[in-house]
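**Q** Structure for this input, please:
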Amino acid sequence: MKSNVKKLSECKREIELEIPENEVTEEFEKIIVQYSTRSKIRGFRPGKAPKEIIKRMYYSEIKESLINSLAPKALNNELKALNLSLAGMPIINDFYFKEGHPLRFKAQFEVWAEFSLPEYKNIKVKKKITSVSEKEVNESLKKLRLKSAQYIPVEGRGVAEEDYVVAEIKGKDTKTKKHLPTEKVVILAGHIENEKILNESLIGLKENEETNFTIHYGKDHQNKKLAGKKIEYNLKVISIKEKSLPEINDDFAKDLGEFESLKELKAKINKDLISSKESIVKREMAEEIVENISEKLSFELPERIIQQEQLSVLRQFLSSQSQQSLEKEDIENLKSEAKKNAEKNLKNHLVLRKISEKENLKVSEEEITEELRAIAKTNNVSLAQVIDSINKEGKREELRDNILIKKTVDFLVECAIIE
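**A** Model prediction:
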């Protein structure tokens, strides 16, 4: 098989391949037999129709089958032989096929650019002092208190703000007179995300009392089923519960199960906050070190890989934002920013991978298992469930790669000069 590789840019290549006539003819004849066997042609038993008739009737399909059978395999074998560091899948194009001749085609693909690492040890970074204030400890105590809240059934009064109300709601479209499905819902009275009229209608209602109100939803309402509609509601209160918060004292600490006093609980909170801040500081130092290394390098990145990473960055951003319409200018700015972040992410990743290879850093099976245990603990599921999920999704190698990157980052921080 003849091949010729052209360098179109630092990352882009084009390969021209020619599959010998004898291989093409052999495959062509084999495909004709396959079509002859499964084709029903009037006047001929299956497999007995003359080859010329089969060719005339199914030539375009036979040609497509021939290309699909020979081209990908030939390209894969040739790229393996060339030992190139591929970035993504090649795109096959520009076929030339004529019976009795070799099959010629071209394919374009991208490779990772070669680069040499600058000095990456003994990089200077400023030491950041971590401290925890009494206010931060108290804020954490308040959050624990909220988690320990109990909800007590209300007697002898109506709904007040911050009560949890179980209610039955019936709705009717005032225009079409169509009734919406009856729903049993839990409402936090007075919550800022509730419709204003709902909050106003709830306050003061007692168990089994009803009220009616109408909501005119805007055309841009996030619930598309309600957008632009005027709905008349009937609400009936089924039950009311009020939030009861425990006092922050020694008994509160003991109820959490592992502390003898409030002082012990505060000490543990302080320790956890310091640990969390130290992790953040370490991550910031690591980012500073990697940025320091990356800034000294200039090399091309594969365009298609940048586009994939850009899309991933955009999706992450949009999933973390409230759903709202964006102006065209905003969208273009988002795309531009996402591309910058994608290029930065890819470059930093390549630098870290290169350092891990140079330092011969590896990830053991024990380290993978330890990481899986941490994932299981964080998500409050069994180790077996996590392993099963990782294996089913085929993400074990991705997990190994993530651990390797973390090890490389830790290595860089250990080698840094912290002033």
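
**Q** Near the nearest residue to residue 33 once chain neighbours are set aside, how many other residues are there?
**A** Of all residues not flanking residue 33 in the chain, residue 47 sits nearest, at 7.8 Å (Cβ to Cβ, 6 or more residues apart in numbering). C-beta coordinates here come from the backbone N, C-alpha and C atoms, glycine included. Neighbourhood size, residue 47 [other Cβ atoms under 10 Å]: 13.

**Q** ok, residue 47 - contacts?
**A** Contacts for residue 47 (Cβ atoms under 8 Å, 6 or more residues apart in numbering) come out as 33, 36-37.

**Q** between these, which is nearest residue 73?
**A** residue 33 (19.5 Å; Cβ to Cβ).

**Q** Which secondary structure element is home to that closest one?
**A** Using DSSP states H and E, residue 33 sits within helix 21-38.

**Q** list the helices and strands the next helix-or-strand element following that helix packs on?
**A** Using DSSP H and E, the helix or strand that follows helix 21-38 in sequence is helix 51-82. Under the contact criterion of 3 or more Cβ pairs under 8 Å, 6 or more residues apart in numbering; DSSP states H and E, helix 51-82 touches strand 12-19, helix 21-38, strand 91-96, strand 103-110.

**Q** for the stretch 201-350 of the chain, which spans come out with low pLDDT?
**A** The model of the stretch 201-350 of the chain has pLDDT under 70 over residues 320-326.

**Q** quick revisit: per-residue confidence for the residue nearest to residue 33?
**A** Here the pLDDT value assigned to residue 47 is 70.

**Q** Just the buried positions in stretch 186-198, please.
**A** 187-190, 198 (16 or more other Cβ atoms under 10 Å).

**Q** got the contact list for it?
**A** Everything outside stretch 186-198 that qualifies as a contact, by Cβ under 8 Å, 6+ apart, is 159-167, 199, 202-203, 213-215, 235.

**Q** again, 10 Å this time
**A** For stretch 186-198, the surrounding residues in contact (Cβ atoms under 10 Å, 6 or more residues apart in numbering) are 158-167, 169, 199-203, 205, 211, 213-217, 233, 235, 237-243.

**Q** on that earlier part again, what's the most buried one of the helices and strands packed on helix 51-82?
**A** Most buried of the helices and strands packed on helix 51-82, by mean neighbour count (mean count of other Cβ atoms under 10 Å): strand 103-110, with a mean of 20.

**Q** name the helices or strands packed onto that strand?
**A** strand 2-7, strand 12-19, helix 21-38, helix 51-82, strand 91-96, helix 303-319 (3 or more Cβ pairs under 10 Å, 6 or more residues apart in numbering; DSSP states H and E).

**Q** what mean pLDDT does stretch 104-117 have?
**A** 93.

**Q** Tabulate the helices and strands packed on helix 51-82 (TSV), appending distance to residue 154.
**A** Formatted as TSV, these follow (distance: least, Cβ to Cβ, whole Å):
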stretch	distance to residue 154
strand 12-19	70
helix 21-38	75
strand 91-96	67
strand 103-110	66
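
**Q** Ok, which of those comes nearest residue 59?
**A** When those are compared by Cβ to Cβ, helix 21-38 sits nearest residue 59, at 9.9 Å.

**Q** got a list of what the residue of the chain positioned farthest from its centre touches?
**A** In terms of distance from the mean C-alpha position of the chain, residue 43 ranks first, at 57.9 Å (Cα atoms, centre = their mean). The neighbourhood of residue 43, defined by Cβ under 10 Å, 6+ apart, consists of 49, 53.

**Q** Residue 50 versus that one, what's the distance?
**A** Separation of residue 43 from residue 50 (Cβ to Cβ, to the nearest Å): 11 Å.

**Q** Next: residue 107.
**A** Distance, residue 107 to residue 50, using Cβ to Cβ: 36 Å.

**Q** again with residue 358
**A** Counting by Cβ to Cβ, the gap between residue 358 and residue 50 amounts to 65 Å.

**Q** do the same with residue 169
**A** From residue 169 over to residue 50 (counting by Cβ to Cβ), the distance is 74 Å.

**Q** So if I had to pick from the two, which one is more boxed in?
**A** Between residue 169 and residue 50, counted using other Cβ under 10 Å, residue 169 has the larger neighbour count: 16 against 11.

**Q** Just to check, the more buried one is in contact with residue 183?
**A** Yes: the pair residue 169 and residue 183 qualifies as a contact (Cβ atoms under 10 Å) at a distance of 5.1 Å.

**Q** so what's residue 118 up against?
**A** 292-297, 351 are the contacts of residue 118 under Cβ under 10 Å, 6+ apart.

**Q** let me redo that: residue 199
**A** Taking Cβ under 10 Å, 6+ apart, we find residue 199 in contact with 159, 161, 187-192.

**Q** just residue 28 next, same as before
**A** 55, 62-63, 65-66, 69-70, 97, 99-100, 103.
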